Structures are given as C-alpha cells and as structure tokens.
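Engineer: what's the 3D shape of this:
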Amino acid sequence: MEALEDSFATLNLEKLALRPAQPGTIGTPIKVLVNLFPMTFRNPELIINVYDIKITSHRPNPPHAPPLRPQEDKGFKTSRRVFRHIGDSHPALLRWLTATCFDGSKLAWSARSLPTMPQPLLVTLPPGLDGVGDRAHDFNVTITQVGEVSIRTLIDYCARVRGGGALGDVAVRAIQGVDVLLRHDPAMSASTIVTGQGRKFFNANDSGVDIGQAARVLSGFFRSARPTLTGMQLNLDVVNSPFFMSGRLLDVVGNIVKRVGGRPFSEEQLRILNKQLKGVAVKLTHRPDNRHFFIERFGKPAGQQTFDLRKKDTPRRQAPSAAEAAQAAASGRALDLERPQHAVERTTVADYFLKHALPCVSLKGGQCIPMECLDVLPGNSISINKLQGDQTAAMIKVTARSPVQRLTEIMKLRQTSGFASNERLQSWGVEIARNMAEVDARVLPSPQVQYHPSSKNPRPAVRSGAWNMLNSKLTAPNPEALVRWVVVVFGDQRKIPQAGVEDFINELVHVAGTMGMVIQNQRPAVHFARSESYIQDLDTACNSVKSLPGNHKKLPTQLVMLVFEDRAIYDNIKRHLMLNFDVPISSQGVMFLMKINSKLHGSNWTVAPQSTPKFGSKTILIGADVTHPPSIRGAAPDDLPPSIAAIVATTASGSFGCRAQVREQEGRKEIITEFEGMVTALLKGWIKDSKNIRPDNIIVYRDGVSEGELARVVFHEIDAIKGSLRDIDPSGKWRPTINYIVCAKRHHVRAFAKDFDSPQLDKNKNLPPGTVIDTVVTHPYLFDFYLQAQAGLVGTAKPTRYICLLNESKFTSNELQQLTNSLCYGFQRATRSVSIVPVACYAHIVCEKARSFVYDDDASTVSSGSRAPRRASTFLQTQIDRKIAGHSLSTMWFI
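Structural biologist: Reported below is the predicted structural model:
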C-alpha cells in the first residue's frame, strides 16, 4: 500500500480525477462486511522518528592496508536477521527496539528516540544464521535519523482536512510506517517465509498440501495498512501460495520430469527443468557449507561438463613491478593489467569429483555441482505462471473457500493476532478493532443483453450474472461462410474414435445453423496426428484444404479445430501455427461456437445502449496489459526474458469486436514502451472501419499496473495517447475526451454479506453480481470503487478495484459504475458476466498467448552466462499482420 501512496505523492492532483462529491445511488442496498479492521490512535500528536538503516559486512582493515571497497547493503533476509540481533550485541538499545519497526531494507520507524551511541554498531550473528558458514559473522549497522512524522498528519490525510495537499511526502512516510509496524513481528520471525513484498507470511515448518510435480501449497496470512475515507484500516486476509518441496534436488527433479530409473535426462526434460527451477535456492551437501546458492541452469553430465581448475603447484604470475610499469610507459608499450592468475588446466567435473556420469547444475557464481550433491531449501516459492494445468486445478481444489469459511478464518486470524498485548503497537498507541468494517453496498441492475431481432428470444433474461441463449440467434453471424476447415485429433484413435468425433461435428454444425451461422462444408475431414510426427501431420492436414473441390484458387485454411487427449503439447502447436505456418490459422480446442463465430468476423451479442451511459457510437474502448516473465534471482535487467505488452481496442462496427497490438519489451518493465505507436495503429483501424469518422470519446481500462508504478505509468500513457492523436491529426484540432481507468485485481480486499441468510445471495453464499462498494473503505481522494461484476462459481468472489485517474467525460459515480458493470457482460466467449471489463481481459489473453509464443522461443530466452538475445519488438505483430492481411482470419484471432 505504501508503494501506491508513494507513487501518488509526486502527482499533481489538479490533473487527476478526484473522488466525486456524491457516491453512487443506483442499485439495491445490501449490507456487507469487508476484511478491513478500523485502527485508532490513542495519542494523535505522537511524533514518529524515521531512520535510515545501512547494514554491511564488517571486514577489519589491517594497519597500513589500502582502504577497503565500500560494501553493498545486504538483502532482506540477512538484514532482518541482523536487525533482530542488534539487542544481543547492544542491550542499551532494547527499549528503543521494542518501539521500532524495520522494513527489511532501508528504513525504520520508532515511537522512541535512538539513544546516543558510537556508530556504526557492530552486530554479530551466531554461526549458521547468515547463510555464510559455521562461524559467527560480524556486520556494521549504521542508524541515521532522516526525519519525523506525526500521527496527526495521518489522521488529517484520511479525513481530507488538508485537501489534495495531504498527499505529500510527510503523509506517505506516516502510512509507510504504520504499514511496516503491522507486519514487523511476523516478518522478523525466524520460522516465517515472507513473500508478496513483505506482506504474505507462511510457516516454514508447514508441510503443506501436495499438488504434484514437487509442488506444495502452503497456507498463510496477509497484512497491510490502508488509508480510507474513514481512517487507517488493517487489511487482513488468508492466502495460499505454491512452493517447491524441500529436500534432495534429485527427488525434486524426479517429481517434475518423472524420470524413470537411471536413464539419462533427455533434452526435453532438461528444458523443462531449466524453465521450472531456474533461480531456486539450494545448499551443498558434499561439504560443510551453510551458504545458499541459486540454480542457474541444468547442464551436461559430469563426464562432459568441463571447467578451468587452478593448478596450485605452479607459480602464480606476478603483477608488474613499479619499475616494469615505468619502463612500459616510457616505451609506449601497453601494460597487461589483468589480475594475476594461477595457471589453469582443463578438467571435467566428473574427474574433479572422482565420479562419472553425474548430472550437473550450474549455480550463480560459477560453480558446477552434481545434482546428487544439492538439497532444495525450504521457502522456494513458485510463480503461478509456472504451474501446469493439473497443478492449477489441484491448487484451486485445495484453496477454494466459501465466503462463510473465509470469513471464519479471517476472524480467527484477528482473534489470535495478539495486537492488544503487542508492546510495539502499544508504544505507538495503535488500537485495532476486533470486528470488520461494515459498509452499505449496492447491487447494480443487470444490463439487457441483445441478440438478433429475428430470434425467438432476442432478449434473454439475465439471472445471477448469466443467461441462456437457447432460441437466440447471434447478432452478426459469420459474414463469410465456413468452407475450408479441418479437424485434427491429437490422441489415440482407440480412446477418441473417429465416429465419435464425426457425431460431435454433426451436432456442432446443427446447433450452429440454429444460431444463424453459415457453415457450407458440413463434413470437414478428420485427421489423426501421430505422437512422433504431430507437427508434420498438422501441416499436412492444414494444407489439405487447398485440394478441396471448388477451391481452384488454392485458398488457405479458415479454421483448424484441435481435439486433445493431452494438452501438454497445446502451446507448442499454437506457437507453430502462429509463427511458422504460411497461412492464417485460427485454432480452436474447446469448440465453443461463440469463439468460432468471433474468429470468423461475427458478433455474438451486444448490450443495450441504455445500460452503457456516455458510450455512444463514436466511443472507442481500449484495454491494455503487460505480463512479465517469472522473476529470476540475481538476474540483471538485460538478462531477463522480455515482458509482453498488449493493447486491444474495439472496432467501429458497433459490436464488441476488437483488434489487438502486441509488443515484446524490456523484461519486468511496467510502462508500455510503445504505447503511442500501438494506440495510433488501433485508432487508424477504427477510423478506417468507420469510413474516416473519428472517435470523440476514448475510454482506457488499464490492467497489469503494480501500485508502485502507477504514477509513472498513468502520465506516460496519457501523454502517449495524446501523441497518437497528434500523429493522426498534426493540426491538433482533433481532441476527443480521454478517460483512463486502472483495473486492479492484485489486492486482498474481500466482501461478505453481513447476513448469510439473505435471499440476495447465491447458493455458495457469495454476494450477487453487480455488488459495488464506493464508501467507507475506499481511498480518501482517488475516484475508486470495488465492483464484483461476476458470480462466485468457486470459492469467494473477488471484486475488482477500479481507479479512475482521468475523467474528461465527467462521469458521475453512478455513470462510471453502471458503464463498467454493463461492459462486463460483453465478453464474447461466455454467456455470463466476467470479473473485469472485456477489453482489459482480452489484452491479458493476448499477453498470455504471446507468452507461449515467446518464452520457449530461443530468440527470447536466456542462456546461462550470456545476455538475452533481442529481436525487433514488433516481431510477433508483424507475424500476425502478415497472416491476417488478405485472408479471412478475424482481428479477434486471440479469443
């Protein structure tokens, strides 16, 4: 939370949309509980001291020796360990420490003044605690006061006493201090695994629940402080995260790739291991060493892996003397200043370990160790993006909690937190309510969805966010008949018989006809791909349409329908079709007719105009997202795989059709580097569709922005949109209204019905779709609201937080909430509302599809010891444009 406040500290609020004076009023009232616990301060005038903390290794410098190089600051884990042991080395600081909280990096806040002591402080960690070895390790700790903040500033900030000026650095520092205070104690515990930017906490001794392939799910809790309209509040939630099992690396590897017996690892298995285990923390077992190492890559067997071994029995080359250096300078000869080295000999790892045929692991720092000599340490979290489909399904099954269960667990966390007896909180005068915040929420009315007027049921009833399209014809069936298509089955014909596939196709064609779709070729050829040659068989099947009767011009395939027995090869096939095939291919695995129709230029349904205020025929919706590669410990920015940026915009057809732009960019970068060029291309497409009519209203829904980057992203991308307008109209006369709304899903705010017996709830006791919260727990200044547009099918439904940062159309609370809710009913591949506005959802889908094209691609992945190769950022877009141009593939290839 402090990252969000820190980012807004530098914003000019006059340029941003602030909270309207009146909250929304539309909808049916419903009382809810939100997992935020109000905080009060016994001493509002208390002054909190802010300190800079610098922790470095202590290295004694012998007399007359040259000065030592400056030491780098230590990481979070080591810094917390050192801070925890300051009192052991300096008992005089114990009272100060009990009133102090530390963020694990640079800053500390204290309700007491630091006693005067010589600096730096020498702190000794007992053997084994610092991950260095079986000896004690000394550190220098320098504590410098850098400011002070008043609790009064925090209270005034939430109460809007000083208007926009309260968003200054002083208020930000106070919010940061309270946030760190609430999570200091669990973060400092030696038995706690800390993730989620220091806000998620797990018990390191918890064995968790096995979800397969060496992964276990641990249960923990989340804590954070949030400023709201009614004061500071504690956000408390239960969390679950996947971690690698600890123990022998060989056992972990065997669980991931299912290695049988002592067979050598295949190239495919090594590729999987490099993808899954890069950056995992391990320790050595063949010698006494408590240090932690990180996996760089899996290499060759020990008998083939070579390295340079220093020969200790040879003299070390001496550095040039002063006389030699002077002589070289006088003669103009270059002096070899390379660091003197021992002579080396080339050897194999197997010879070094006196063993043979051992698989090896390259570690960061250059060591190459046989796999049998490594143990995986506890606490190695797994990125959700690395989970396989069956792991994700198992995790959902394990972690899904009904609203009643989740509420009970959160309240148990609150009851066992020990806040009332916590000396640190008492010294700050902080009191935390025992009950959740109670809020008057509203349930917005569902919009009216519309199908073709000739349907028997053109306006089906919407109930609980869903509707039945029985007897409803698609609004705009595919304008070009489906003729050139094939079905390719990846599986055993004994398990997926051809007759069964053909029966399914017959039923599919029949249903498509009742929906108004035009399928001319009602008996497409069915091909079975062999496991050993599935790519070649796929190519043969796709090319077979060129020989269809009547295809005299050898026109390419319109659609290839894929049927899978094992989805493990799905991404490989999609990548092959998109990047390597000569014609545009729209693959379809789940066989939903709505997706097929959208892929063939059709439109499935629309939402009634009266449900979408200020969304006229000259409005363009834009969705944007960035997805990042999994973080790699210790990797430099240039060594990371690229991030994928996607922007999706509606077409001018009046339907929910969209087109997309996608780019590769610098890894882990939140800002979309080429935002201007991408938006320019999408605006030109909209103008071309409308026969040179320009949109007069632009609404952007931006996903994928972390709180700490929000300020920089919004200003960069709003400027980029204005740059796009100038690119198209250099005169500057074209000035459509611009509205910029951030969609935030990565938060831990949950809402529950106050009365679980209310008839407004669904069978799982979730709040009804359309529940909106815009008072009590929202931001003091920003125009934000929480909207749960979807039904809670599994577990507890999560609302999306929408933050309107630019509001040139002057949306009221009612208008923006109603528009956003109604748009969530326009997702073209499901007859139900979704949790986020579809254009933002589509942008995310494009990113994920591009991820499968990129991250296993040799041109974009990182090889050990070298920087990631880079290609043109537009590479993927060029491939897509080439395939779409002149063919029948829809701009919605991604749906």
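
Engineer: what's the host helix or strand of T144 in contact with?
Structural biologist: Element membership for T144 (DSSP states H and E) is strand 137-150. Outside of strand 137-150, the residues within contact range by CB atoms under 8 Å, 6 or more residues apart in numbering are 45-58, 71, 74, 82-83, 86, 107-109, 114, 119-125, 129-130, 170, 173-174, 177. To be clear about C-beta, it is placed using only N, CA and C from the backbone, and glycine gets the same treatment.

Engineer: only the buried subset of these, as a ChimeraX command please.
Structural biologist: Buried subset of the contacts of strand 137-150, written as a ChimeraX selection, criterion 16 or more other CB atoms under 10 Å:
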select :46,48,49,50,51,53,54,55,56,57,58,74,82,83,86,107,108,109,114,120,121,123,124,125,129,130,170,173,174,177
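
Engineer: which of the contacts of strand 137-150 fall within helices?
Structural biologist: Cross-referencing these against helices under DSSP state H gives V82, F83, I86, V170, R173, A174, G177.

Engineer: isn't the fifth one up against D103?
Structural biologist: No - with the criterion set as CB atoms under 8 Å, R173 and D103 do not qualify as a contacting pair; they are 11.5 Å apart.

Engineer: contacts for stretch 36-48?
Structural biologist: Outside stretch 36-48, the residues that reach it (CB under 8 Å, 6+ apart) are 109-111, 148-152, 154-155, 174, 177-178, 225-226, 228, 230-236, 414, 428-437, 749, 777.

Engineer: distance from the chain centre to it, please.
Structural biologist: For stretch 36-48, the separation from the chain centroid amounts to 33 Å (computed by CA atoms, centre = their mean, to the nearest Å).

Engineer: same thing with stretch 593-605?
Structural biologist: 29 Å.

Engineer: start the count at 487 instead of 1 going forward.
Structural biologist: In the new numbering, first residue 487, that becomes stretch 1079-1091.

Engineer: mind listing what's buried in it?
Structural biologist: Using 16+ other CB under 10 Å as the test for burial, stretch 1079-1091 gives 1079-1091.

Engineer: same deal with stretch 725-735?
Structural biologist: V725, N726, S727, P728, F729, F730, M731, S732, R734, L735.

Engineer: against V1332, how distant is E1162?
Structural biologist: 18 Å (CB to CB, to the nearest Å).

Engineer: between those two, which is the more surrounded one?
Structural biologist: When neighbours are counted by other CB atoms under 10 Å, E1162 and V1332 differ, and V1332 comes out ahead with 27 against 20.

Engineer: ignoring the adjacent residues along the chain, who's closest to that one?
Structural biologist: Leaving aside its sequence neighbours, V1332 sits nearest to A1132 (CB to CB, 6 or more residues apart in numbering; 3.8 Å).

Engineer: same check, this time on I1227
Structural biologist: C1290 (4.9 Å).

Engineer: per-residue pLDDT, the one you found?
Structural biologist: On the pLDDT scale, C1290 is placed at 95.

Engineer: who's in contact with it?
Structural biologist: For C1290, the contact set (CB under 8 Å, 6+ apart) comprises A503, N1225, Y1226, I1227, L1268, F1269, D1270, F1297, L1302.

Engineer: of these, buried ones?
Structural biologist: Judged by 16+ other CB under 10 Å, buried ones among the contacts of C1290: A503, N1225, Y1226, I1227, L1268, F1269, D1270, F1297, L1302.

Engineer: just give me the closest of those residues to P515.
Structural biologist: Taking CB to CB as the measure, P515 lies nearest L1302 of those, at 19.4 Å.

Engineer: where's the closest one, which helix or strand?
Structural biologist: Element membership of L1302 [criterion: DSSP H and E] is helix 1299-1309.

Engineer: show me what that helix is packed up against.
Structural biologist: Counting contacts by 3 or more CB pairs under 8 Å, 6 or more residues apart in numbering; DSSP states H and E, helix 1299-1309 is packed against strand 1269-1274, strand 1286-1293.

Engineer: just the CA atoms of it, as PDB, please.
Structural biologist: C-alpha atoms of helix 1299-1309 as PDB (Å, rounded to 0.1, in the frame of the first residue of the first chain):
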ATOM      1  CA  SER A1299     -20.200   7.700  -9.700                       C
ATOM      2  CA  ASN A1300     -23.400   6.200 -11.000                       C
ATOM      3  CA  GLU A1301     -22.500   6.500 -14.700                       C
ATOM      4  CA  LEU A1302     -19.000   5.000 -14.400                       C
ATOM      5  CA  GLN A1303     -20.100   2.200 -12.200                       C
ATOM      6  CA  GLN A1304     -23.100   1.300 -14.400                       C
ATOM      7  CA  LEU A1305     -20.900   1.500 -17.600                       C
ATOM      8  CA  THR A1306     -18.200  -0.700 -16.100                       C
ATOM      9  CA  ASN A1307     -20.700  -3.300 -14.800                       C
ATOM     10  CA  SER A1308     -22.600  -3.400 -18.100                       C
ATOM     11  CA  LEU A1309     -19.400  -3.800 -20.100                       C
END
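
Engineer: now that helix against strand 1269-1274, angle please.
Structural biologist: Counting by axes from the mean of the first three to the mean of the last three CA atoms, to 10 degrees, helix 1299-1309 points 40 degrees away from the direction of strand 1269-1274.

Engineer: what's the next secondary structure element after helix 1299-1309?
Structural biologist: Downstream of helix 1299-1309 (by DSSP H and E), the next one is helix 1324-1340.

Engineer: and that following helix, how far out from the chain middle?
Structural biologist: 12 Å.

Engineer: compute the inter-axis angle for that helix and strand 1286-1293.
Structural biologist: With the same axes, to 10 degrees as the basis, helix 1324-1340 and strand 1286-1293 are set at 110 degrees to each other.

Engineer: a helix runs through Y1187, doesn't it?
Structural biologist: No - counting by DSSP: H, G, I helix; E, B strand; the rest coil, Y1187 falls outside a helix, being strand.

Engineer: give me the number of residues near E1018?
Structural biologist: 7.

Engineer: wait, a helix at it?
Structural biologist: Yes - E1018 forms part of a helix when assessed by three-state DSSP.

Engineer: tell me the helices and strands packed up against the one helix or strand H1013 maps to.
Structural biologist: For H1013, the enclosing helix or strand under DSSP H and E is strand 1011-1015. Using 3+ CB pairs under 8 Å, 6+ apart as the contact test, the elements touching strand 1011-1015 are strand 971-976, helix 984-1000, helix 1020-1029.

Engineer: one more time with 6 Å
Structural biologist: Using 3 or more CB pairs under 6 Å, 6 or more residues apart in numbering; DSSP states H and E, the elements in contact with strand 1011-1015 are strand 971-976, helix 1020-1029.
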